[in-house]
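**Q** Structure of the sequence below:
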Amino acid sequence: MRVQRRGHQRKHLAMALLWLSSCSSYHLPNAPPDPEFVAAARAEQARVDARVQSEVALRAEWQQQVLAIESEEPPRALSEDELVMVLGYYCGVCHFPQKIDVSSTDGLFYMNDLDELIATGKVIPGDGERSRLVQRVRLGEMPPVQSAEPPMPTATLERIVDYIDSLVPLAEQAAAVIEVEPPWLAEARKRPDVPPVEAECFEYLGDWIRCEHEGNGPDTVDIPGGDLDRCFATCRERSDCVAVTDYTWLKAPGLGCYLYLSSCDAPSTGVWHEEDGGRQYRKTCSPD
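**A** Take a look at the predicted model:
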């Protein structure tokens with residue numbers, strides 16, 4: 001799953017700040033600055049600066065506390081608060097609610113809420129190894145290798161597994177629970193009703209089907225601008241491009257498309273593909 005980098009600001013703020021910076025170098029004749037516009041832009045920048053400072057301070061606090069937890073000998077069982085703190089340090093930049101202005105491809109902004117993680121199938125009480133949260137970290141997919149976040153130590157992941165294993169299974173909490181559909185399917189139903197596209201030299205691999213190793217960072221190239229036609233055209237021109245992953249159909253801010261540069265000889269369904277939302281189109285022709 002791809003996570004967009006930090007620092008995206010709303011379009012109107014960017015325009016306002018650009019205007020402010022330009023005012024320092026020249027002045028347009030007969031166009032005096034609008035005091036209300038300038039004040040609003042400066043106030044917005046002040047709010048952004050304050051939020052960034054708050055997040056930096058919180059991250060430093062998390063780091064100190066998480067490192068203290070990880071240095072314990074012998075390691076003890078995590079509490080729920082400590083679990084959330086560990087997840088906040090390694091995953092919170094993209095998956096905690098204070099970053100709701102940053103898009104991730106599955107809309108997962110509730111990793112600080114254990115009940116929600118259980119309700120959506122990311123955590124399976126009593127079975128840590130089958131929990132998606134654990135599987136994605138175990139596979140090295142989270143945090144993404146292309147992000148600036150530190151990798152989670154194996155010992156810390158094992159303590160998370162132990163915590164999840166200690167939770168009472170849902171089947172014991174409620175007499176009999178019949179799961180008629182995977183929990184992530186409810187999220188998938190909220191996605192736009194957009195059929196796959198037809199593109200020259202490309203075949204759509206199908207729902208939840210991806211190229212092998214896709215999404216692990218070094219094998220993908222981001223195409224700026226979120227233009228799917230441009231992604232297809234660029235892939236056709238490159239001899240090392242074998243597929244295009246499309247997120248534009250989700251119609252979410254900041255989501256575009258990517259070139260895939262590894263191999264696509266054995267596409268398959270992984271533990272995260274269905275909740276990721278990316279559509280894979282495999283190239284079927286030689287470079288233009």
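**Q** secondary structure class for the residue lying closest to F202 once chain neighbours are set aside?
**A** Distances taken as Cβ to Cβ, 6 or more residues apart in numbering place Y281 nearest to F202, at 4.2 Å, with adjacent residues excluded. Placement of C-beta: from N, CA and C, glycine included. Following DSSP: H, G, I helix; E, B strand; the rest coil, Y281 is assigned to strand.
**Q** so how many other residues sit close to Y281?
**A** When neighbours are counted by other Cβ atoms under 10 Å, Y281 registers 26.
**Q** What's opposite it in the beta bridge?
**A** Taking DSSP bridges, one obtains Y204, V244 as the residues bridged to Y281.
**Q** Count the neighbours of the nearest residue to P143 once chain neighbours are set aside for me.
**A** In space, P143 comes closest to E149 once its chain neighbours are excluded; the distance is 3.7 Å by Cβ to Cβ, 6+ apart. Look at E149: counted by other Cβ under 10 Å, it has 17 neighbours.
**Q** Against L87, how distant is E149?
**A** For E149, the distance to L87 (Cβ to Cβ, to the nearest Å) stands at 12 Å.
**Q** just checking, the residue nearest to P143 touches G88?
**A** No. Using Cβ atoms under 8 Å, E149 makes no contact with G88, being 11.3 Å away.
**Q** returning to what we had before: quick one: which helix or strand includes the residue nearest to P143?
**A** Assessed by DSSP states H and E, E149 sits outside every helix and strand.
**Q** Next up, the contacts around it.
**A** Counting by Cβ atoms under 8 Å, 6 or more residues apart in numbering, E149 makes contact with Y90, C91, V93, P143.
**Q** Closest to E55 out of those?
**A** Using Cβ to Cβ, V93 comes nearest to E55 of the contacts of E149, at 8.4 Å.
**Q** What count of nearby residues applies to L67?
**A** Neighbour count of L67, defined by other Cβ under 10 Å: 10.
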